[in-house]
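> Generate a structure from the sequence data that follows.
(chains A, B and C)
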Amino acid sequence: MQVPYLVDLIASLVFAISGALAAYGKLLYKDIFGVAFTAFITATGGGTLRDIILGVHPLTWVADGNYLIAIFSGVLLTIFFKGYIKKIPKTLFLLDTIGVALYTILGVQKSLAHDVNPIAAVILGMVSAVFGGVLRDTLLNEIPLIFKKEIYATACIAGAFLFVLLNYYGADRNFNFFASIALIIIIRVIAVRYKIALPKLEE
Amino acid sequence: MQVPYLVDLIASLVFAISGALAAYGKLLYKDIFGVAFTAFITATGGGTLRDIILGVHPLTWVADGNYLIAIFSGVLLTIFFKGYIKKIPKTLFLLDTIGVALYTILGVQKSLAHDVNPIAAVILGMVSAVFGGVLRDTLLNEIPLIFKKEIYATACIAGAFLFVLLNYYGADRNFNFFASIALIIIIRVIAVRYKIALPKLEE
Amino acid sequence: MQVPYLVDLIASLVFAISGALAAYGKLLYKDIFGVAFTAFITATGGGTLRDIILGVHPLTWVADGNYLIAIFSGVLLTIFFKGYIKKIPKTLFLLDTIGVALYTILGVQKSLAHDVNPIAAVILGMVSAVFGGVLRDTLLNEIPLIFKKEIYATACIAGAFLFVLLNYYGADRNFNFFASIALIIIIRVIAVRYKIALPKLEE
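The predicted structure is shown next:
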């Protein structure tokens, strides 16, 4: 299943908005550079690490300027419509969740296409989706979101695992693609809605 | 325009001094390892990330030990002449600014030579110059300098943009090289001299 | 000298245990994801950075799932036998020291096999061994262990340097391998036993 190019660009734009909003909340001095740099790191970090680990060149955003235009559009949208965007947190959460799910499965597909072992493909799918956020939080000197209580990266792992499994058993690629993305979205929505966390390990 | 090899080595040495001085200010326990490691990260971080993103191998400092000797010389200079170096902050600032400007334009040139889209070339030029400092600050658990008030990375972006633009319109390479470097230095010097910052974005 | 495959896997498992134990001490919310992710970063970080810098693909853990199984075994061992593991700190310290020594010299060998200059080979050997811990500490928002007082990375540098030197003078490869590893272990054990640190640099 080839994801429409436009969907991929929109996912970058959504990640950029989430990065830009985080910059507003965390940067001491908020100028356009700080906000844009944070958005850029958030949107490109995961895919960049995945491709560097896979040794795939050129990287998407290096070869195709449209991704950078999408990211910068997300930055401008945030700066000019921040008030409005903050009023639709559920929409934003849903867009972000769809983006995370999409990046995960695209990451798994790309990894499997490069002869990666199945467990590494699951890890690289998760990394594609969450590492931009990890970089964002680390640069801003925060404990990364993925280490907090709410189920987040674990949903990506579950979806990536499902994809690898169905792929192994020869499931229809389109069905597999949508089923795995749906699983990530469902787990994430339920976890946030009912405040479900992984059990805390005993001390 | 081929930058004289010696100039490139001196830029590494200057970055190493700036890294070593930062280590003196921030490390809890200052031994030669901590100071040298910080200097090494500061001097090599930007070029390393750029080359890894471009997929260019071998990396400069991996292939050519002279860069490492230059860096280690910077470390020793800092350790033995720290008192003197601190007395010439303007000279150090100017050397650092020249180094940053040089790294930016060298980074843009290398990126364009690898068929990178123009916006990505601007970003990679800026990354070449500032990412060593970002790594230094992140490792030392500080908010990166580039996120602070003073114009810094933005000057690199402006110079990189000028280079890409003049290059597109077929300007003389030597003229373009010096004009872009000059722009970065001028913006940076004026910004520091008159305490100019990018406008703060509204909350 | 070809290190037995099993020894390499055990080293990954030991690093994973050290990462998982660190997660127990530092993570605010300790679920299996946080512990496993920290263990994974600790065990793979150094070798991943080395191979990315060298441009060597595929990475070990990407090509061979057994490393990931070893890491996950270390995570499960930590979760289920943490009480017991904490009672044998000396054994754990010794295993960790052997792992660090092994990774250093394996890293130097791999670097030299890729035509790296001798100083860079020493640095890359040290990086192979300590960078996983640096990433672990940075992600957990701590000052990296290598910047603390105790001799740690310096022992790796000493062993790596010995290996490069003996290699240059054509020493027997097996002898060189064991002598260099022994040097690292001895320096580290003595440093911890007698609380030896590098001299503090003057302010």
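> Can you point out the buried residues in the strand or helix carrying A:Ile105?
Using DSSP states H and E, A:Ile105 maps to helix A:89-112. Buried positions in helix A:89-112, judged by neighbour count with 16 or more other C-beta atoms under 10 Å in any protein chain shown: A:92, A:95-112. Placement of C-beta: from N, CA and C, glycine included.
> what does stretch A:172-186 contact?
With contacts defined as C-beta atoms under 8 Å, 6 or more residues apart in numbering or on different chains, stretch A:172-186 is touched by A:1, A:97-98, A:100-102, A:104-105, A:108-109, A:155-156, A:158-160, A:162-163, A:166-167, A:171.
> Try it again at 10 Å.
A:1-3, A:94, A:97-98, A:100-106, A:108-109, A:125-126, A:129, A:154-167, A:169-171 (C-beta atoms under 10 Å, 6 or more residues apart in numbering or on different chains).
> For it, what is the distance to the chain centroid?
16 Å (C-alpha atoms, centre = their mean, to the nearest Å).
> how about it: buried residues?
A:Asn176, A:Phe177, A:Ala179, A:Ser180, A:Ile181, A:Leu183, A:Ile184, A:Ile185.
> Using PDB, write out every CA atom in that stretch.
Only the C-alpha atoms of stretch A:172-186 are listed here, as PDB (Å, rounded to 0.1, in the frame of the first residue of the first chain):
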ATOM      1  CA  ASP A 172      -3.300  -8.600   2.300                       C
ATOM      2  CA  ARG A 173      -1.000  -5.600   2.500                       C
ATOM      3  CA  ASN A 174      -3.700  -3.000   2.400                       C
ATOM      4  CA  PHE A 175      -5.800  -4.800   5.100                       C
ATOM      5  CA  ASN A 176      -2.600  -5.200   7.200                       C
ATOM      6  CA  PHE A 177      -1.700  -1.500   6.800                       C
ATOM      7  CA  PHE A 178      -5.100  -0.200   7.900                       C
ATOM      8  CA  ALA A 179      -5.600  -2.800  10.700                       C
ATOM      9  CA  SER A 180      -2.200  -2.000  12.300                       C
ATOM     10  CA  ILE A 181      -2.800   1.700  12.100                       C
ATOM     11  CA  ALA A 182      -6.200   1.200  13.600                       C
ATOM     12  CA  LEU A 183      -4.800  -0.800  16.500                       C
ATOM     13  CA  ILE A 184      -2.400   2.000  17.400                       C
ATOM     14  CA  ILE A 185      -5.100   4.600  17.300                       C
ATOM     15  CA  ILE A 186      -7.600   2.500  19.300                       C
END
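> just the contacts of stretch A:172-186 that are near chain C?
A:Met126, A:Thr154, A:Ile157 (C-beta under 10 Å from any C-beta of the partner chain).
> Would you format those as CSV with distance to A:Glu142 and pLDDT included?
Formatted as CSV, these follow (distance: C-beta to C-beta, whole Å; pLDDT from 0 to 100):
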residue, distance to A:Glu142, pLDDT
A:Met126, 20, 97
A:Thr154, 20, 95
A:Ile157, 22, 97
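> for chain A, which spans come out with low pLDDT?
For chain A, applying pLDDT under 70 flags the ranges A:1-3.
> Mind jotting down where the helices sit in it?
Listed in chain order, the helices of chain A (DSSP state H) span residues A:5-26, A:32-54, A:60-63, A:65-86, A:89-112, A:118-139, A:153-168, A:173-193.
> among the ones you listed, which is nearest C:Phe40?
helix A:118-139 (7.2 Å; C-beta to C-beta).
> and that closest one, is it in reach of chain B?
Yes - Helix A:118-139 comes into contact with chain B (C-beta under 10 Å from any C-beta), by way of A:Leu135, A:Thr138, A:Leu139.
> do the same with stretch A:45-61
Yes - Stretch A:45-61 comes into contact with chain B (C-beta under 10 Å from any C-beta), by way of A:Thr48, A:Asp51, A:Ile52, A:Gly55, A:Val56, A:His57, A:Pro58, A:Leu59, A:Trp61.
> end-to-end on that stretch?
Its start and end residues considered, stretch A:45-61 measures 11 Å (C-alpha to C-alpha, to the nearest Å).
> how far is it from where the chain is centred?
A distance of 14 Å separates the centroid of the chain from that of stretch A:45-61, by C-alpha atoms, centre = their mean.
> Which one of the buried residues of stretch A:172-186 is nearest to B:Phe147?
Distances from B:Phe147 to these, taken by C-beta to C-beta, are shortest for A:Ile184, at 31.5 Å.
> how much space between that closest one and C:Phe178?
49 Å (C-beta to C-beta, to the nearest Å).
> do the same with A:Gly99
For A:Gly99, the distance to C:Phe178 equals 51 Å [C-beta to C-beta].
> can you check A:Pro4 too?
Counting by C-beta to C-beta, the gap from A:Pro4 to C:Phe178 is 58 Å.
> can you check A:Gly83 too?
A:Gly83 is 67 Å from C:Phe178, by C-beta to C-beta.
> Equivalent analysis for A:Leu27, please.
Distance of A:Leu27 to C:Phe178, given as C-beta to C-beta: 51 Å.
> And A:Glu202, by the same measure?
41 Å.
> cool, and A:Lys86?
Separation of A:Lys86 from C:Phe178 (C-beta to C-beta): 62 Å.
> got a winner among the residues of helix A:118-139 next to chain B for most neighbours?
The residue in the residues of helix A:118-139 next to chain B with the most neighbours, by other C-beta atoms under 10 Å in any protein chain shown, is A:Leu139 (23 neighbours).
> Pull the contacting residues for it.
A:23, A:26-27, A:37-38, A:41-42, A:45, B:134, B:137-138, B:143-144, B:146-147.
> Restricting to the residues you listed, which residues neighbour chain C?
B:Thr138.
> Output stretch A:76-83 as PDB, nothing but the C-alphas.
Provided in PDB are the C-alpha atoms of stretch A:76-83 (Å, rounded to 0.1, in the frame of the first residue of the first chain):
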ATOM      1  CA  LEU A  76       3.300  29.500  10.700                       C
ATOM      2  CA  LEU A  77      -0.100  28.000  11.400                       C
ATOM      3  CA  THR A  78       0.900  27.600  15.000                       C
ATOM      4  CA  ILE A  79       2.200  31.200  15.300                       C
ATOM      5  CA  PHE A  80      -0.800  32.800  13.700                       C
ATOM      6  CA  PHE A  81      -3.700  30.500  14.800                       C
ATOM      7  CA  LYS A  82      -2.300  29.300  18.200                       C
ATOM      8  CA  GLY A  83      -5.400  30.600  20.000                       C
END
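> That one: which residues count as buried?
Neighbour counts using 16+ other C-beta under 10 Å place A:Leu77, A:Thr78, A:Ile79, A:Lys82 of stretch A:76-83 among the buried residues.
> Tell me the one of those nearest C:Ile69?
Nearest to C:Ile69 among the buried residues of stretch A:76-83, with distances taken as C-beta to C-beta, is A:Thr78, at 42.5 Å.
> A:Phe15 is in contact with that closest one, correct?
No - using C-beta atoms under 10 Å, A:Thr78 is not in contact with A:Phe15, being 11.6 Å away.
> shared neighbours of those two, anything?
Joint contacts of A:Thr78 and A:Phe15 (C-beta under 10 Å, 6+ apart) are A:Ala39.
> Would you mind measuring from the closest residue to A:Ala16 other than its chain neighbours to C:Pro144?
Once flanking residues are discounted, A:Ala16 sits nearest to A:Gly74: 3.0 Å by C-beta to C-beta, 6 or more residues apart in numbering or on different chains. Note on A:Gly74: its distance to C:Pro144, by C-beta to C-beta, is 33 Å.
> cool, and A:Ile146?
20 Å.
> got it, and A:Asp8?
36 Å.
> I'd guessed A:Phe131 sits against A:Arg50; true?
Yes - in this structure A:Phe131 lies within contact range of A:Arg50 using C-beta under 10 Å: 7.8 Å.
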